[in-house]
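S.K.: test case, fold it:
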Amino acid sequence: MPGALVSVVIVTAGKGNFVKDCLRSLEKQSWRNREIIVADNSLDERLSLSIAREFPFARILKNEKNLFYCRSLDQGIAVCEGEFILCLNDDVVLGEKFIEEALKGFSVSPDIGMVSGKVLRADKRTIDSTGLFLSLWRTASERGYGVLDKGQFKEEGFIFGVNGAVAFYRKALLDRLKIESSSGITEYFDADFNFFYEDLDICWRARNAGWKGYYIPSALAYHVRGATARYARGINKRFARFYLNDELNFHLVKNRYLAIIKNEKLLYFVLLLPLLFIYDAVTLSYLIFCRPSVLRYFFDSAIPFQSAFRKRQFIKKLKRR
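M.R.: Numbers count the residues shown, from 1 in each chain. The predicted model follows:
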């Protein structure tokens, strides 16, 4: 652990100046042994040039088309050399000792593969996440989401997984979970997801393979919730689906199904079926009466259910290794 190389992967679409604020916070980190990789999906050559000029320590992967979040993370992870990998949304700013403090979580036990810090909103008073958990609805539940920080999550301890905005992984976990897709691309995060639920999916996969998550409250980060995906009026608001465009709403619904197909145990699925039915009925009602334009994506897009079932078979084999 002492002196370990930490690789940081940031994915940006170039919205606002968020990525530069993120990079400035990385430049100030007390943990000096690190490499920074920026996957640039902005399609704006000026952004890459500007980042290279202001932050010469960052390696830039300039994409000719938008690869979306998951594929861009896979692209960055593939070239990482660190023992630990920190995956960041570009609308995150890290406290100066985030990496140094978060690394302490990995030292608790060798089977800890994911570490979360205390993630606050930009106001530094409201909690964004103190760990990700799997809800009975089979959605991602962020502990403390949207409540004032009064020190109620001051104790470190085990959690289900980590929020995707500030997700710290042991490289060994990612190597264990990676899948060779049918197109020959190595997937750490599932490229079929594009955006949303990728964090729950990989944490669920990790748990099924025997890895654990851990929470370190002294590792502080600050997140502008939804800054790069939602309409401006929806930043830091609850109920993300109200502030997403049609395509992102489609991915939000689709990816929950893919995560369940890949990871859920059959017994739990049967037991939870009434709750799942209620959740889906509410979601469908919302789409029909409030966002009917989203429904066309379910008819016009090929939902990769077959791919999800194939990946489920691979995940099942991980348990026997």
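S.K.: from residue 98, how far out is residue 249?
M.R.: Between residue 249 and residue 98 the distance, using CB to CB, to the nearest Å, works out to 32 Å. Yep, even glycine has a C-beta here, placed from its N, CA and C like the rest.
S.K.: and those two? which has more neighbours close in?
M.R.: Remark: of residue 249 and residue 98, residue 98 carries more neighbours, 29 against 23, as counted by other CB atoms under 10 Å.
S.K.: please report the distance of the more buried one from residue 120.
M.R.: To residue 120, residue 98 is 12 Å away according to CB to CB.
S.K.: between the two, which contacts overlap?
M.R.: Counting by CB atoms under 8 Å, 6 or more residues apart in numbering, the common neighbours of residue 98 and residue 120 are 220, 221.
S.K.: what are the boundaries of the strands in the stretch 151-300 of the chain?
M.R.: 157-159, 166-170, 179-180, 186-187, 212-223 (DSSP state E, counting those that start in this stretch).
S.K.: partner strands of the third one, parallel or antiparallel?
M.R.: For strand 179-180, sheet partners with direction are given as strand 186-187 (antiparallel), following DSSP bridges.
S.K.: repeat for the longest one
M.R.: Strands adjacent to strand 212-223 in the sheet, as given by DSSP bridges, are strand 92-94 (antiparallel), strand 112-121 (parallel), strand 157-159 (antiparallel).
S.K.: next, the angle from the longest one to strand 166-170.
M.R.: If I follow you right, that is strand 112-121. Orientation note: strand 112-121 sits at an angle of 170 degrees relative to strand 166-170 (axes from the mean of the first three to the mean of the last three CA atoms, to 10 degrees).
S.K.: send over strand 112-121 as PDB, restricted to the C-alpha atoms.
M.R.: Provided in PDB are the C-alpha atoms of strand 112-121 (Å, rounded to 0.1, in the frame of the first residue of the first chain):
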ATOM      1  CA  ILE A 112     -12.300  -5.100  -0.100                       C
ATOM      2  CA  GLY A 113     -12.400  -4.200  -3.800                       C
ATOM      3  CA  MET A 114     -14.400  -0.900  -3.700                       C
ATOM      4  CA  VAL A 115     -14.100   2.100  -1.400                       C
ATOM      5  CA  SER A 116     -16.400   5.100  -1.100                       C
ATOM      6  CA  GLY A 117     -15.600   8.400   0.600                       C
ATOM      7  CA  LYS A 118     -18.200  10.800   1.900                       C
ATOM      8  CA  VAL A 119     -19.500  12.500  -1.200                       C
ATOM      9  CA  LEU A 120     -21.200  15.900  -0.500                       C
ATOM     10  CA  ARG A 121     -22.900  18.300  -2.900                       C
END
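S.K.: now it: mean pLDDT?
M.R.: This predicted structure assigns strand 112-121 an average pLDDT of 98.
S.K.: good, wrapping up.
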